[in-house]
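Chemist: Got a predicted structure plus its sequence, pasted below:
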Amino acid sequence: MNRQFSRNVSTKKQKKQFPRGSLRVTSGSLITAIIKKDLKSYCRNKVFIFLTVLSLVFFVLIFWLMPDKVEESLIIGFSPPLAVLVDESRAALDELSYDREELAELYAADLSQGEEDGLVIVELEDEEQLGRVVEGRDEVYHTAAGYVVIGNTVGGRDIPAGGRKVNVSIGIAFPEKFFAAAARGEAATVTLYTRADVPLEIQKAMESLVREMTYQIAGYELPVEFADEETIILGRDRLGQQVTMRERMRPMFAFFMLFMETLSLAALISTEVLQRTITALLVTPVRVSHFLAAKTIFGTILAFSQGLIIMILVGAFTPENWLLLLTTIFIGSLMFTGLAMIIGAAGKDFMGQLMTGMLFMIPLMIPAFAVFFPGTAATWVQLIPSYPVIDLLAGVTIYGVGWSDSFGALSYALVWVAVLYGAGLLILKRKVESL
Amino acid sequence: MNMGRVMRMLRKDLWLGPRKTFFLFAVTMPVVLTLIFQVAFGTLFAPSLRLGIVDYGESALTSGFLETAGIQVTMLNEAEELKNKVEQNDLDAGLILDAGFDAAVNAGERPLLEMYIGGESLAANRIVFIITGVDLVRGLAAAESMLPVEVEIITSGEEGLPIAVRLIPLIMFYALVIAGVFVPGSGLVEEKENSTLTALLVTPVNRSEVLAAKWMLGFILCTVMAAATLFLNQAFGPRPLEVMLVIAVAAALNSAIGLLAGIFSRTSASFFALVKGAGFFLFVPVIFYIFPEWPRWIAMIFPLYWIIEPIWQVSIMGEPLRTVWFELTIATAITAALLLAALLTGRRI
């Protein structure tokens, strides 16, 4: 009753003091004044400035430290070298009327050139050396001249200049007369050296490979036919161009920056609510609508600028995606501004506001992590408001999707923006009016 | 120092604690993080190969794939559904087996092996699918056509720890820092902000008693939450008493850090900024357990290494306490230095 009475009095007093049209103040100038005041308050808040700068530096640092290459090849040690295997079995193979040209080709084959197909074969002198390499007692380096095996690298000694270390964790040691035995259908034992941490499916596949090689040498053809490569690969073939961990992190960083700025705006609003500075503002020509418009503009600019900076620093913009990416960041900024209004309207102290913020943000973070999982996100993840924004950011910055492919996600994001921003406006308006 | 007064303040903090934000945060965080890291993201770093199969004729090849370790098989009913899932990267590969596939193989007809590979599948995985598939098809053939080759396997090194285990130090870190650093520190700062500290200090209570009560609050909560975290992650190991001793040393160190942060912060906001700013410095050692191949000496530079390493060795690796006496000595020395610094700078509160 008293509150209603005082509000009526305040509004009447306001109208009496500042009748409409009596002062040369426009809505635009009032909103600008509030935005300027907010900007000053934000700049004075050392904690948020510190956290913003810290987050920016931290995210950019982490981004550039992340691996920018996906190791997708299977690296196998192989002993003895193919030429030795062919040489040792040449007499038997000749006896069995093997095609001489095929044998010559096999003899001269360079097994180290298979990286493009995902299979890297490192030829080693003998079984003993293979065992040492797999155990990690010897190291293998890839140089311009081929693979080099080094026994003593203590203190960096003997490492070839420009050499790249190759991790050989599994290897196959054939008996020297393996080809002859396989061609004659005689019993042979092949030794598979493997480190214990090599996945079981790879160990099993190597056993299968040995068996299949035996079949091929014995002259058996494949028991099945395969369709051509273009038919069996579904979706965009990313062989050699896999999405790296670094690329997957881009949308997450943008999301976390928006989150940081949400907390900043929420802190500004809750301070106004706690200290009741809004009531002071409302005895001036400022109306609630001016206040809400100013918070919307300030919050959106704040979040948008931070999102923009981080995306520039992690090199997300391209001549093709810049407009769509800017649009996505803008939509995300508006959504998070709405959230900041909801959190700020609670009018809690710093710790309380942090807790309320976390309650909202933890569920909203789930889609950001879902980007790391392959495939389509679960249905319940897709229902989270932040999902379309993350989906758009991932699509634009990782997969290079365009406007037409993004239409659905953009529409879905706008629906959530309308819901969250609408809810934010309503809750903050009611809070301001109740003060 | 009057222990009676310290205990009375501690009792008050424990009684009022559940009403405070960080207290609740400290209690719920280990549970939430265990769920997030172990259930949701545990498989992220150690993914299985995902194969979809549409089998129209109960092929023995399906059983072969189902029994192959490291390949997670999903049975589907429609070929189109399978192709869509492979294209969307919901599966790494897909296999469609017609009704007469096995019979055709046995008859030597060389039927088409209708296998689809997702464009985002890694090259190594593509090879694994194809080689395994061909080998399983060979297995369908009559036994007399099998070639007499044997594969002997020699394994070296240690089997890598599952990622779910390597993530435990990360969860422990949060349990230790939130309960040990945030709770005593924020409690002290809140007392400053609300001026209850000034009120306290006009009573016979002195500064060192206030600090002791706050430190003990962090110590108790940190010990309980760290033990609960290990319990939740089934990582208590074979020597529970020794684990509790190691946890107590860790709790003492973290609470001392929290106390110092509380002394030097005037407001909750500055306390939060200080802890968040220093968070990375505290966090670094944890990364070395997720990536064990990284050089361990770097981790030793950071203070929390000296408590995370003993917890790792005694609780997770099951080693006896005597193997970590050096780390525990260093941790105790750091704790003593921090508590001394807290006593000397306690005047600031």
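Modeler: The structure has been received and is ready for your questions.

Chemist: Run a quick neighbour tally on the closest residue to chain A within the stretch 151-300 of chain B.
Modeler: Closest to chain A within the stretch 151-300 of chain B is B:Gly160: 3.6 Å, counting by C-beta to the nearest C-beta. No exception for glycine: its C-beta is placed from N, CA and C like everyone else's. Neighbourhood size, B:Gly160 [other C-beta atoms under 10 Å in any protein chain shown]: 16.

Chemist: cool, and the one 10 residues further on?
Modeler: B:Leu170 sits with 17 neighbouring residues when counted by other C-beta under 10 Å.

Chemist: same thing with B:Ser195?
Modeler: Using other C-beta under 10 Å, B:Ser195 has 9 neighbouring residues.

Chemist: how about the residues of the stretch 201-349 of chain B near chain A?
Modeler: When proximity is defined as C-beta under 8 Å from any C-beta of the partner chain, the stretch 201-349 of chain B approaches chain A at B:Thr267, B:Ser268, B:Ala269, B:Ser270, B:Phe272, B:Ala273, B:Lys276, B:Gly277, B:Phe280.

Chemist: Make CSV out of these and add secondary structure, distance to A:Phe58 and neighbour count.
Modeler: Below are those laid out as CSV (DSSP: H, G, I helix; E, B strand; the rest coil; distance: C-beta to C-beta, whole Å; neighbours: other C-beta atoms under 10 Å in any protein chain shown):
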residue, secondary structure, distance to A:Phe58, neighbour count
B:Thr267, coil, 23, 15
B:Ser268, helix, 22, 23
B:Ala269, helix, 19, 23
B:Ser270, helix, 19, 17
B:Phe272, helix, 16, 22
B:Ala273, helix, 14, 20
B:Lys276, helix, 10, 14
B:Gly277, helix, 10, 13
B:Phe280, helix, 7, 13
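
Chemist: sorry, back to before: skipping adjacent residues, who's closest to the residue of the stretch 151-300 of chain B closest to chain A in space?
Modeler: Distances taken as C-beta to C-beta, 6 or more residues apart in numbering or on different chains put A:Asp197 closest to B:Gly160, at 3.6 Å, once the chain neighbours are dropped.

Chemist: hang on, isn't that neighbour packed against B:Glu159?
Modeler: Yes - contact criterion C-beta atoms under 8 Å: A:Asp197 and B:Glu159 qualify, at 5.8 Å.

Chemist: Could you check the pLDDT of A:Asn117?
Modeler: Careful, residue A:117 is Asp; it's not Asn. A:Asp117 carries a pLDDT score of 69 in this model.

Chemist: One more: A:Ser10?
Modeler: According to the prediction, A:Ser10 has pLDDT 49.

Chemist: What of the one 10 residues further on?
Modeler: What the model reports as pLDDT for A:Arg20 is 53.

Chemist: Over to B:Asn89?
Modeler: Looking at B:Asn89, its pLDDT is 87.

Chemist: how deep is B:Glu242 tucked in, by neighbour count?
Modeler: With other C-beta under 10 Å as criterion, B:Glu242 counts 19.

Chemist: and whichever strand or helix holds it, average pLDDT?
Modeler: In the assignment (DSSP states H and E), B:Glu242 maps to helix B:240-264. For helix B:240-264, the mean pLDDT works out to 93.

Chemist: Give the buried residues for it.
Modeler: Neighbour counts using 16 or more other C-beta atoms under 10 Å in any protein chain shown place B:242-244, B:246-247, B:249-264 of helix B:240-264 among the buried residues.

Chemist: quick one, what contacts the residue in the stretch 51-200 of chain A that chain B sits nearest to?
Modeler: Closest approach between the stretch 51-200 of chain A and chain B, counting by C-beta to the nearest C-beta: A:Gly118, at 2.3 Å. Going by C-beta atoms under 8 Å, 6 or more residues apart in numbering or on different chains, A:Gly118 touches A:Glu72, A:Ser73, A:Leu74, A:Leu239, B:Leu122, B:Ala123, B:Ala124, B:Arg126, B:Ile127.

Chemist: Go ahead and confirm the first one touches A:Gln241.
Modeler: No - when contacts are counted by C-beta under 8 Å, A:Glu72 is not listed as touching A:Gln241 (9.9 Å).

Chemist: Compare neighbour counts for those two and give me the winner.
Modeler: Using other C-beta under 10 Å, the more surrounded residue of A:Glu72 and A:Gln241 is A:Glu72, with 18 against 12.

Chemist: Which residue lies nearest the spatial centre of chain A?
Modeler: Residue closest to the mean C-alpha point of chain A, counted by C-alpha atoms, centre = their mean, is A:Arg248 at 1.7 Å.

Chemist: And the pLDDT for that one?
Modeler: On pLDDT, A:Arg248 comes in at 84.

Chemist: If you count contacts, what does the helix or strand containing it end up packed against?
Modeler: Taking DSSP H and E as the criterion, A:Arg248 maps to helix A:245-275. Of the remaining helices and strands, those touching helix A:245-275 by 3 or more C-beta pairs under 8 Å, 6 or more residues apart in numbering or on different chains; DSSP states H and E are helix A:27-44, helix A:46-65, helix A:288-313, helix A:322-345, helix A:350-370, helix A:387-397, helix A:403-434.

Chemist: So which of the ones you listed has the densest surroundings on average?
Modeler: The highest mean neighbour count among the helices and strands packed on helix A:245-275, using mean count of other C-beta atoms under 10 Å in any protein chain shown, belongs to helix A:387-397: a mean of 26.

Chemist: is that helix anywhere near chain B?
Modeler: No - Helix A:387-397 lies out of reach of chain B by C-beta under 8 Å from any C-beta, never closer than 12.4 Å.

Chemist: Just list what that helix packs against, helices and strands only.
Modeler: The helices and strands touching helix A:387-397, judged by 3+ C-beta pairs under 8 Å, 6+ apart, are helix A:245-275, helix A:322-345, helix A:350-370, helix A:403-434.
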